[in-house]
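whatever this is, show me its structure:
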Amino acid sequence: MSAPANSPATVWAIGGNDSLALAGIAADLRGVAVSGVHCATIVTCVTAQNSLEFIAMQAISCEFLEQQWQALSAQTVPSVIKIGLLVDCAQVTWLAEKLAVLCAEQPNIRIIYDPVLRASSDKSSVIKTQVANELLSCIKRELLPHIDLLTPNTVEAAALLSTECVSMVIDNHAQMIKAATALRRQYQINVLLKGGHLVGNDCCDLYLGLNDINGKFRSEPSTQFVLSTPRLKHNNNRGTGCTLASVIAGLVAKNYTFCDAIVLAKSVITGALLKSSALGNGKGGLLSLSLPNDLTQLPRVLTLEQFVNDAPLLPTSAFAPCSYNLGLYPVVHNTSWLERLLKLGINTIQLRLKGSDVGLSASEIEVQVIEAIALGRQYNARVFINDYWQLALTHHAYGVHLGQEDLLLADLARIKSAGLRLGLSTHGIFEALLVNDLAPSYMALGHIFSTQTKDMPSNPQGIEQLALQVKLFESQRSLVAIGGISAARVPSVLSSGIKSIALVTAITHSDDVNSIVASLSDLIGVGDELQPQSTREGVSYV
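Okay, here's the model as predicted:
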């Protein structure tokens, strides 16, 4: 079936019932709820357990699993399926067959598997050794080929990689990378390997993702990174793995990428651990879950080299600042438009020589850049040059705007030392977190809606995701919303708390430019006025 257009996003959580409600399906319900997504459930087993002991488990028959599946299918279509405890090969085979059919019909569904191979309250394996070995073989052979994101801890990853002849142990960062690489390569799967079982002052989780396959993961901004948070000194952490995977599932159902969802989920778990306490006479779990509301709650992002070598993150000096309130920020494709809008009182503007102007020669592009910089000085305005950072340096521009694809090519150190302002594009929480560490003058958060001017690999973020990023990063630097924003959408964008909005076609495609600029200037504002000051090169603006 197809879900109705107005049907809310739904996660199907498949797993066991924890009688203390700290792990399993209960944790899934709490975790998915953080994103505001609905969680439906299919129960694979009922357990008798608490934080002190694992007493008994009753498996659910495949016949009853099928009835639960049919009950959900009759009314909902999942955006994401999150899988937890499966207790025998019959359940694995049944689920693998259901996923094969469902994903063929609904290829956009994402499948997340948190392999539960033992309960935290169990002193031995939940499933006895011989059965466990058969179950592991069945999982690897039948289930993993259908999984999009695997979220094991180091013990579970070692079990998935061990054979009858070779037993794997993961007890350091280099071995984590080796194990995650093996899982990704062997099963063609995205892997989030959790490092909570290792010792150390920090708790680090490693993500190794697939390169784009047939467009399925085109929107993912990275294929490898490590998230690090300080290790907490208590053990009230029952259900941590279930909860992390279910928070990710809910956020992915809300159209977050895996990378963005993992960053936010890590911060949700950290916040919940800080609030967790003992339950009765045993360890407690994660009962208070919420999205972060402050940048300090987000994890640090490490490269694999920093992860292996335990290299410290050095503070970064900031680029020259620009106003926190840039106001109405038009993006135009030639200097004729730039001058026309500067005459109407715009004081922040960007020259983007793209689209219909790709046929310009190098000399023609340089002429446009020189003219733009001169107009900025004439009208006492912030003029940012898109992409052509070498020309901006040569001719002493006010600022440069770069996209993610430009970061590896541009000489950021030269741009900074020359005193140019730097604006950087981001497309989600993960990229914003990375870019914020570079300390640019402003960050452009986009794209908010579908765009007409550029084929974007990322998904539109919408107002809700924008509002979260504003809350997290507004204390750091100026933020600009961009992407698919029409004049009619400006009020809803402003409701996110953003102070500056970049518009690409809303002005230049208008039938009455003077009127639209006046109304948008009243609505958004035009930013703080610049004050010129003399420099060796001529005039700079602050």
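
just checking, what packs against the lengthiest strand in the chain?
The longest strand of the chain (DSSP state E) is strand 38-49. Packing contacts for strand 38-49, counted by 3 or more C-beta pairs under 8 Å, 6 or more residues apart in numbering; DSSP states H and E, involve strand 10-17, helix 24-33, strand 54-59, helix 62-73. For glycine as for every other residue, the C-beta is placed from the backbone atoms N, C-alpha and C.

list the buried residues for that strand?
Within strand 38-49, the residues that qualify as buried are 38-47, 49, counting by 16 or more other C-beta atoms under 10 Å.

likewise stretch 101-112?
Buried residues in stretch 101-112 (16+ other C-beta under 10 Å): 102-103, 109-112.

now, which of these lie within strands?
Per DSSP E, the subset of the buried residues of stretch 101-112 in strands is 110-112.

ok, so of those residues, who is nearest Lys275?
Ile112 (24.6 Å; C-beta to C-beta).

partner residues bridging that closest one?
Counting by DSSP bridges, Ile112 is bridged to Lys82, Leu149.

count the residues that sit near Arg414.
For Arg414, the neighbour count with other C-beta atoms under 10 Å is 12.

mean confidence score for the helix or strand where it lies?
Element membership for Arg414 (DSSP states H and E) is helix 412-417. Per-residue pLDDT values across helix 412-417 average out to 96.

for it, buried residues please.
Per 16+ other C-beta under 10 Å, helix 412-417 contains these buried residues: 412, 415-416.

can you check stretch 200-208 too?
202-208.

buried residues in stretch 432-450?
For stretch 432-450, by 16+ other C-beta under 10 Å, it's 432-436, 439-449.

closest to Gly215 among the residues you listed?
For the buried residues of stretch 432-450, the nearest to Gly215 is His447 (17.7 Å; C-beta to C-beta).

sorry, back to before: out of the ones in strands among the buried residues of stretch 101-112, which is nearest to Thr10?
Once C-beta to C-beta is applied, the member of those that ends up nearest Thr10 is Arg110, at 12.4 Å.

separation between the closest one and Cys203?
25 Å (C-beta to C-beta, to the nearest Å).

again, but for Asn17
28 Å.

returning to what we had before: mind listing which of the buried residues of stretch 200-208 are in strands?
202-208.

go through these and name the one nearest Asp310.
Asp202 (8.9 Å).

which residue is the nearest non-sequential neighbour of the closest one?
Computed as C-beta to C-beta, 6 or more residues apart in numbering, the closest residue to Asp202 that is not its neighbour in sequence is Ser228, at 4.8 Å.

tell me the pLDDT at that neighbour?
pLDDT, Ser228: 95.

ok, now Thr129?
Value for Thr129, per-residue pLDDT: 60.

burial of Ile259, as a residue count?
Slight slip there: residue 259 is Cys, not Ile. Around Cys259 there are 26 residues (other C-beta under 10 Å).

is the nearest residue to it once chain neighbours are set aside in a helix, a strand, or coil?
Spatial nearest neighbour of Cys259, chain neighbours left out: Phe430 (4.1 Å); criterion: C-beta to C-beta, 6+ apart. Of the three states, Phe430 takes helix under DSSP: H, G, I helix; E, B strand; the rest coil.

right, and Phe430 touches Thr223 too?
No. At 11.7 Å, Phe430 does not count as touching Thr223 under the criterion of C-beta atoms under 8 Å.

neighbour count: these two, which is higher?
Phe430 (26 against 15).

do a quick rundown of the strands in the stretch 151-300 of the chain.
Taking DSSP state E, counting those that start in this stretch as the test, the strands found in the stretch 151-300 of the chain are 190-194, 202-208, 224-230, 300-302.

can I get these in JSON lines with distance to Gly271?
Formatted as JSON lines, these follow (distance: least, C-beta to C-beta, whole Å):
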{"stretch": "strand 190-194", "distance to Gly271": "17"}
{"stretch": "strand 202-208", "distance to Gly271": "13"}
{"stretch": "strand 224-230", "distance to Gly271": "10"}
{"stretch": "strand 300-302", "distance to Gly271": "15"}
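
quick one: which of those is nearest Leu291?
strand 224-230 (15.5 Å).

thought Cys45 was touching Ile60?
Yes. Assessed by C-beta under 8 Å, Cys45 is found in contact with Ile60 at 5.8 Å.

thought the residue nearest to Asp202 was touching Asn201?
No. Under the criterion of C-beta under 8 Å, Ser228 makes no contact with Asn201, lying 9.7 Å away.

nearest to Gly241, out of the ones in strands among the buried residues of stretch 200-208: which one, please.
Asp205 (10.9 Å).

return the residues in contact with that closest one.
Contacts for Asp205 (C-beta atoms under 8 Å, 6 or more residues apart in numbering) come out as 192-196, 226-227, 262, 266.

report the two of these separated the most.
Top of the distance list for the contacts of Asp205 (C-beta to C-beta): Gly196 and Ile262, 14.3 Å.

and these two? Which one has more around it.
More crowded of Gly196 and Ile262, by other C-beta under 10 Å: Ile262, with 28 against 17.

my read is that that one contacts Leu192, right?
Yes. Taking C-beta under 8 Å as the definition, Ile262 is a contact partner of Leu192 at 5.9 Å.

hey, what's in contact with both of the two?
Applying C-beta under 8 Å, 6+ apart, one finds that Ile262 and Leu192 are jointly contacted by 205, 207, 248.

nearest to Ile170 among those residues?
Distances from Ile170 to these, taken by C-beta to C-beta, are shortest for Asp205, at 13.0 Å.

separation between Ile234 and Lys275?
In this structure residue 234 is His, not Ile. In terms of C-beta to C-beta, His234 sits 11 Å off from Lys275.

do Val308 as well
Taking C-beta to C-beta, one finds Val308 at 32 Å from Lys275.

just Ser363 next, same as before
62 Å.

who's more crowded, these two?
Lys275 (13 against 8).

quick one: contacts for that one?
Lys275 touches 287-288, counting by C-beta under 8 Å, 6+ apart.

where's it relative to Asn236, distance?
For Lys275, the distance to Asn236 (C-beta to C-beta) stands at 9 Å.

low-confidence ranges in the stretch 351-500 of the chain?
Scanning the stretch 351-500 of the chain for pLDDT under 70 picks out 355-358, 452-456.

where along it do the strands fall?
Using DSSP E, counting those that start in this stretch, strands in the stretch 351-500 of the chain cover 382-386, 399-402, 421-426, 442-445, 478-481, 500-503.

reformat the ones you listed as TSV; add distance to Gln175.
Below are the strands of the stretch 351-500 of the chain laid out as TSV (distance: least, C-beta to C-beta, whole Å):
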stretch	distance to Gln175
strand 382-386	44
strand 399-402	37
strand 421-426	33
strand 442-445	36
strand 478-481	40
strand 500-503	45
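
of all those, which one is nearest Gly241?
That would be strand 421-426 among the strands of the stretch 351-500 of the chain, by C-beta to C-beta, at 29.4 Å.
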